[in-house]
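Enquirer: A structural model of the following input is requested.
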Amino acid sequence: MNNNNDFEVIIIGGSYAGLSAAMALGRSLRRVLIIDSGLPCNRQTPYSHNFITQDGATPFAIAQKAKEQVLNYSTVIFLNGLVTKTRKNEGGFTIKTQAGEEFKSRKLILATGVKDVMPAIKGFYECWGISVVHCPYCHGYEFRNKKTGIMANGERAFHLASLVNNLTNDIQIFTSGKPDFSTEQITKLNNQKIKIIETSISEIEHENGSLKSIVLNNGHKEVFNVLYAAIPFQHTSDISLSLGCEFTEMGHVKVDMFQKTTVNDVFACGDNSSMMRSVAYAVSTGNITGAMVNKELTEADFN
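Expert: All right, here's what the predicted structure looks like:
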């Protein structure tokens with residue numbers, strides 16, 4: 001580790017968004033420190049899709065290759081660790097890790113990601129990211145023409161059903177209670193022969209994460225191949241909150257089109273600041289963030 005603990009930019013989170021931001025900065029010879037705890041939210045997902053040049057690669061392989069390429073830039077340093085405290089002060093930030101290390105930077109990038117809040121359904125966690133999934137763009141093609149469930153209600157369920165309907169004609173929606181659809185939405189779902197099940201799911205039977213059947217609270221069991229689930233998330237870190245960043249109604253860190261948060265010199269990218277959860281989108285927002293941070297540093301120093 002470099003004895004100089006002062007950096008131009010510290011990036012908290014070293015997955016796709018953080019590494020992408022670091023590459024843009026490293027190519028401009030910025031002194032960058034990436035701090036990462038090593039727990040990406042898609043670590044259980046076997047394959048990543050819908051990202052050109054990497055379609056079908058494992059999430060781990062993509063991240064490892066990205067890390068190797070980023071660390072070819074000598075001004076970028078990667079630290080395995082957990083940030084426990086962040087303080088904004090005059091001229092920048094002071095970062096402390098769980099190991100007691102302290103670092104300083106002029107700019108701060110939050111690429112901390114999110115973690116999904118799993119429901120208390122037996123087998124759900126084991127299948128998450130494998131056959132219980134969140135996104136038809138990331139996983140839908142692999143389950144085309146398969147028997148498909150959607151665990152959601154209201155607008156979210158209707159949106160998912162409309163997207164998945166292009167991939168299969170065998171869909172059921174599990175609302176876990178009274179359906180929350182408009183009359184127009186009910187008509188459209190009926191026209192597509194999409195059945196609505198109000199009974200809650202009690203268990204997902206599977207084999208090594210591969211869904212076999214869905215068991216309801218009333219004991220009914222039916223074979224399914226895939227279940228789309230709209231579940232809540234939490235931020236993996238409270239750093240954005242402690243710094244005073246504003247949040248959107250959906251709970252993401254509020255950013256502008258250049259990934260700037262509402263706190264000066266703090267940027268956010270990846271899953272923590274967008275509902276568009278995909279590797280490709282995380283890389284895109286990270287690249288924009290790196291470029292914008294470099295722009296601000298350049299403007300401050302070029303006088």
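
Enquirer: quick one: the helices in the stretch 201-303 of the chain?
Expert: Assigned by DSSP state H, counting those that start in this stretch, the stretch 201-303 of the chain shows helices spanning 239-242, 279-301.

Enquirer: Tabulate the ones you listed (JSON lines), appending mean neighbour count, distance to Glu184 and mean pLDDT.
Expert: (Each C-beta comes from the backbone N, C-alpha and C, glycine too.) Below are the helices of the stretch 201-303 of the chain laid out as JSON lines (neighbours: other Cβ atoms under 10 Å; distance: least, Cβ to Cβ, whole Å; pLDDT from 0 to 100):
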{"stretch": "helix 239-242", "mean neighbour count": "18", "distance to Glu184": "38", "mean pLDDT": "96"}
{"stretch": "helix 279-301", "mean neighbour count": "20", "distance to Glu184": "30", "mean pLDDT": "97"}
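
Enquirer: okay, now the closest residue in space to Leu29 that isn't next to it in sequence: neighbour count?
Expert: Leaving out its chain neighbours, the residue that sits closest to Leu29 by Cβ to Cβ, 6 or more residues apart in numbering is Thr75, at 5.4 Å. The number of residues packed near Thr75 is 18, by other Cβ atoms under 10 Å.

Enquirer: One more: Phe143?
Expert: For Phe143, the count of nearby residues is 21 (other Cβ under 10 Å).

Enquirer: now swap in Leu163 and tell me
Expert: If we define neighbours as other Cβ under 10 Å, then Leu163 has 15 of them.

Enquirer: how about it, secondary structure?
Expert: Put simply, Leu163 is helix when judged by DSSP: H, G, I helix; E, B strand; the rest coil.

Enquirer: Neighbours of the closest residue in space to it that isn't next to it in sequence, how many?
Expert: Using Cβ to Cβ, 6+ apart and skipping the chain neighbours, the partner closest in space to Leu163 is Pro136 (4.7 Å). Residues near Pro136, counting by other Cβ under 10 Å, number 24.

Enquirer: quick one, phi psi at Pro136?
Expert: phi -70, psi -20 (degrees, to the nearest 10).

Enquirer: Mind listing residues that contact stretch 204-216?
Expert: Applying Cβ atoms under 8 Å, 6 or more residues apart in numbering, the contact partners of stretch 204-216 are 44, 121-124, 126-127, 130-132, 149, 174, 197, 199-203, 221-227.

Enquirer: how about the strands of the stretch 201-303 of the chain, start to end?
Expert: Ranges of strands within the stretch 201-303 of the chain are 201-207, 210-216, 221-223, 226-229, 233-235, 266-268, based on DSSP state E, counting those that start in this stretch.

Enquirer: For the spatially most central residue of the chain, give its distance to Pro232.
Expert: Of all residues in the chain, the one closest to the mean position by Cα atoms, centre = their mean is Asp271, 3.6 Å from it. For Asp271, the distance to Pro232 (Cβ to Cβ, to the nearest Å) stands at 13 Å.

Enquirer: pretty sure Ala282 is touching Ser15, no?
Expert: Yes. The criterion here is Cβ atoms under 8 Å, and Ala282 meets it with Ser15 at 7.2 Å.

Enquirer: what residues are shared contacts of those two?
Expert: Jointly contacting Ala282 and Ser15 under the rule Cβ under 8 Å, 6+ apart are Ala111, Gly270.

Enquirer: Same list (the helices of the stretch 201-303 of the chain) but as CSV, adding distance to Thr112.
Expert: Below are the helices of the stretch 201-303 of the chain laid out as CSV (distance: least, Cβ to Cβ, whole Å):
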stretch, distance to Thr112
helix 239-242, 7
helix 279-301, 12
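
Enquirer: Those helices: which one's closest to Leu33?
Expert: Closest approach to Leu33 among these (Cβ to Cβ): helix 279-301, 13.1 Å.

Enquirer: Dump the closest one to PDB, keeping only the CA atoms.
Expert: Provided in PDB are the C-alpha atoms of helix 279-301 (Å, rounded to 0.1, in the frame of the first residue of the first chain):
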ATOM      1  CA  VAL A 279     -24.000  -4.500 -15.400                       C
ATOM      2  CA  ALA A 280     -24.100  -2.500 -18.600                       C
ATOM      3  CA  TYR A 281     -25.900   0.400 -16.900                       C
ATOM      4  CA  ALA A 282     -23.600   0.400 -13.900                       C
ATOM      5  CA  VAL A 283     -20.500   0.500 -16.200                       C
ATOM      6  CA  SER A 284     -22.100   3.400 -18.100                       C
ATOM      7  CA  THR A 285     -22.900   5.500 -15.100                       C
ATOM      8  CA  GLY A 286     -19.400   4.800 -13.700                       C
ATOM      9  CA  ASN A 287     -17.800   6.000 -16.900                       C
ATOM     10  CA  ILE A 288     -19.800   9.200 -16.800                       C
ATOM     11  CA  THR A 289     -18.900   9.700 -13.200                       C
ATOM     12  CA  GLY A 290     -15.200   9.300 -13.800                       C
ATOM     13  CA  ALA A 291     -15.300  11.800 -16.600                       C
ATOM     14  CA  MET A 292     -17.300  14.400 -14.700                       C
ATOM     15  CA  VAL A 293     -15.100  14.100 -11.600                       C
ATOM     16  CA  ASN A 294     -12.000  14.600 -13.800                       C
ATOM     17  CA  LYS A 295     -13.600  17.600 -15.400                       C
ATOM     18  CA  GLU A 296     -14.200  19.200 -12.000                       C
ATOM     19  CA  LEU A 297     -10.700  18.500 -10.900                       C
ATOM     20  CA  THR A 298      -9.300  19.900 -14.100                       C
ATOM     21  CA  GLU A 299     -11.400  23.100 -13.900                       C
ATOM     22  CA  ALA A 300     -10.300  23.600 -10.300                       C
ATOM     23  CA  ASP A 301      -6.600  23.200 -11.100                       C
END
